[in-house]
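Visitor: return atomic coordinates for the entry below.
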Amino acid sequence: MPARKINMGMVGGGPGSFIGRIHVNSALLDGQINFVCGAFSSDPAKSKITGKEYYLDPSRAYGSYQEMIEKEKELPEGERMDFLCIATPNHVHYGPARLALENGFHVVSDKPLTYSTEEAKDLVRLVEKTGLVFAVTHAYTGYPMVKEAREMIRAGKLGKIRKVVSEYPQGWLSTLLEATGQTQAAWRGDPARSGKANSMGDIGTHALNLAEYVTGLKVTEVCADISTLVEGRKLDDDGNILVHFDNGARGIIYASQISAGEENGLKIRVYGEKGGLEWIQVEPNTLIVKWLDRPIELIRPGNPWCSELAKYNTRFPAGHPEGLIEAFGNIYRNVATCIQCRLEGKEPPAEALDFPTVYDGLRGMQFIDSVLASATGGQKWIRFQE
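Guide: As a prediction, this is how the structure comes out:
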């Protein structure tokens, strides 16, 4: 089949959505994807309004994701959507993802993967059964300097990894914002929509994913202190977790939404036998590398000494900032490349397979289970619940 653009549909992302626009702009960044349809709200009228804002064919702004999948499946290949983007609150991740997979559509989903671990395991089984592409938007792994950090560690430049600190502090929930009706706070603070965790699911899963992606290690044990520090809040807003990794390394993962004054302070530090590295999301174009026997190095994208993986994920010459849209865009580009290669009957390049998958999504759900079990149980350390 000749090369063509890959068609995207979306569920969620309706009026007032922050993340919906991020997904759309990122998907369209490299010119590989057409945005063709959506079910943007549980209110069909609001879905129509959003479809109009995106200049979609009015007949393809659907009233529900069930209607969208049913109608899109009837369209000829090349016209119907090829994959579904899920940009909804947590409790509306599983249903659209499952129905899409059952009807032959690939999926790109926000995190955490699902409302519960049982749902996540079911999606893993469906992906394995169907062989379809399934990506989870742990977008921070898409930054070029995160790729560079991963490649340095994979090449053994730091020696054996001994210590990992991955942190994600925010301050936006330092007050009971959900009680004011603010949309983003309201659903995150509601157990019926968010699930059993708030900060651990919303940003703790990012901190875990970044630690495991950069180091190539897996968390095996956790010792967690999970708190709800704002009076009246129903779910956690702060968590501090000691972790053990499968190579014997020790670490700390923490996520907080009551760290007043913090924005999106995602940061990782990794220390090996020979040196360490540090990456901070608010300054994403700089990787700080620290050595035992020579001065600190600052590595930035677009330079010839970067790894091939970092180069593949860099769009601009050195000195031109790349940000969150580009990081998201790297996931979408890789998904589109993998789908296109399937249409053409060929294997995708190894670089295109470098995106978070349904298995990473399952790890996130198991992380939530593990830290909550540790925090509420009587045992100090517990095995990571798989």
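Visitor: show me the contacts for the residue most central in space within the chain.
Guide: Centre of the chain computed as the mean C-alpha position; nearest residue by CA atoms, centre = their mean is residue 138, 1.7 Å away. By CB atoms under 8 Å, 6 or more residues apart in numbering, the contact list for residue 138 reads 111, 205-206, 209-210, 213, 356, 360, 364. (Glycine included, C-beta is placed from N, CA and C.)
Visitor: most widely separated two among these?
Guide: Using CB to CB, the two most remote members of those are 111 and 213, lying 12.9 Å apart.
Visitor: tabulate the contacts of residue 138 (a markdown table), appending pLDDT, secondary structure and neighbour count.
Guide: As requested, those are exported to a markdown table (pLDDT from 0 to 100; DSSP: H, G, I helix; E, B strand; the rest coil; neighbours: other CB atoms under 10 Å):
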| residue | pLDDT | secondary structure | neighbour count |
| --- | --- | --- | --- |
| 111 | 95 | coil | 22 |
| 205 | 97 | helix | 27 |
| 206 | 97 | helix | 23 |
| 209 | 98 | helix | 23 |
| 210 | 98 | helix | 26 |
| 213 | 98 | helix | 20 |
| 356 | 98 | coil | 25 |
| 360 | 98 | helix | 21 |
| 364 | 97 | helix | 26 |
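Visitor: just the residues you listed now: which is nearest residue 7?
Guide: Of all those, residue 7 sits closest to residue 356, with 21.8 Å by CB to CB.
Visitor: what about that closest one, distance to residue 150?
Guide: Computed with CB to CB, to the nearest Å, the distance linking residue 356 and residue 150 is 13 Å.
Visitor: and for the two, which residues touch both?
Guide: Shared contacts of residue 356 and residue 150 (CB under 8 Å, 6+ apart): residue 213.
Visitor: which residues touch residue 139?
Guide: Listed by CB under 8 Å, 6+ apart, the contact partners of residue 139 are 26, 324, 327-328, 331.
Visitor: please apply the same query to residue 173.
Guide: For residue 173, the contacting residues are 185, 188-189, 199, 230, 233, 237, 257-258, by CB under 8 Å, 6+ apart.
Visitor: phi and psi next, for residue 220.
Guide: Dihedral angles of residue 220 (phi, psi; degrees, to the nearest 10) stand at phi -110, psi -30.
Visitor: can you give me the strands in the stretch 251-386 of the chain?
Guide: Here the stretch 251-386 of the chain has its strands, by DSSP state E, counting those that start in this stretch, at 267-272, 275-280, 287-291, 297-299, 382-383.
Visitor: so for the fourth one, mean pLDDT?
Guide: If you average the pLDDT over strand 297-299, you get 97.
Visitor: how about the helix-or-strand element of the chain with minimal mean pLDDT, which residues are buried there?
Guide: For the chain, counting by mean pLDDT, DSSP states H and E, helix 183-188 ranks last in confidence among helices and strands (a mean of 92). Of the residues in helix 183-188, 184-188 count as buried by neighbour count, 16 or more other CB atoms under 10 Å.
Visitor: return the member of the residues you listed nearest to residue 30.
Guide: Set against residue 30, the nearest of the buried residues of helix 183-188 by CB to CB is residue 184 (27.9 Å).
Visitor: so what's that closest one up against?
Guide: residue 18.
Visitor: what distance do you get for it to residue 198?
Guide: For residue 184 relative to residue 198 (CB to CB), the value is 11 Å.
Visitor: next one: residue 18
Guide: To residue 198, residue 18 is 17 Å away according to CB to CB.
Visitor: who's more crowded, those two?
Guide: Using other CB atoms under 10 Å as the criterion, residue 18 and residue 198 rank with residue 198 on top: 29 against 10.
Visitor: residue at max distance from the center of this protein?
Guide: Most peripheral residue of the chain (CA atoms, centre = their mean): residue 293, 36.1 Å.
Visitor: look up phi and psi at it.
Guide: Here is the backbone geometry of residue 293 (degrees, to the nearest 10): phi -120, psi 10.
Visitor: for the longest helix along the chain, packing partners?
Guide: For the chain, the helix with the greatest residue count under DSSP state H is helix 324-344. Under the contact definition 3 or more CB pairs under 8 Å, 6 or more residues apart in numbering; DSSP states H and E, helix 324-344 sits against strand 6-12, helix 19-27, strand 106-109, strand 134-136.
Visitor: give me the mean pLDDT for the third one.
Guide: In this case it means strand 106-109. Mean pLDDT, taken over the full extent of strand 106-109, equals 98.
Visitor: before we move on, what about the longest one?
Guide: For helix 19-27, the per-residue pLDDT values average out at 95.
Visitor: OK, contacts around residue 218?
Guide: By CB under 8 Å, 6+ apart, the neighbours of residue 218 are 212, 245-246, 384.
Visitor: correction: the previous question concerned residue 3.
Guide: Residue 3 neighbours (CB under 8 Å, 6+ apart): 340, 343-344.
Visitor: over to residue 164?
Guide: Counting by CB under 8 Å, 6+ apart, residue 164 touches 211, 215, 217, 243, 245, 249-252, 268-271.
Visitor: skipping its backbone neighbours, what lies nearest it in space?
Guide: Closest residue to residue 164 apart from its sequence neighbours, by CB to CB, 6 or more residues apart in numbering: residue 251 at 3.7 Å.
Visitor: thank you, goodbye.
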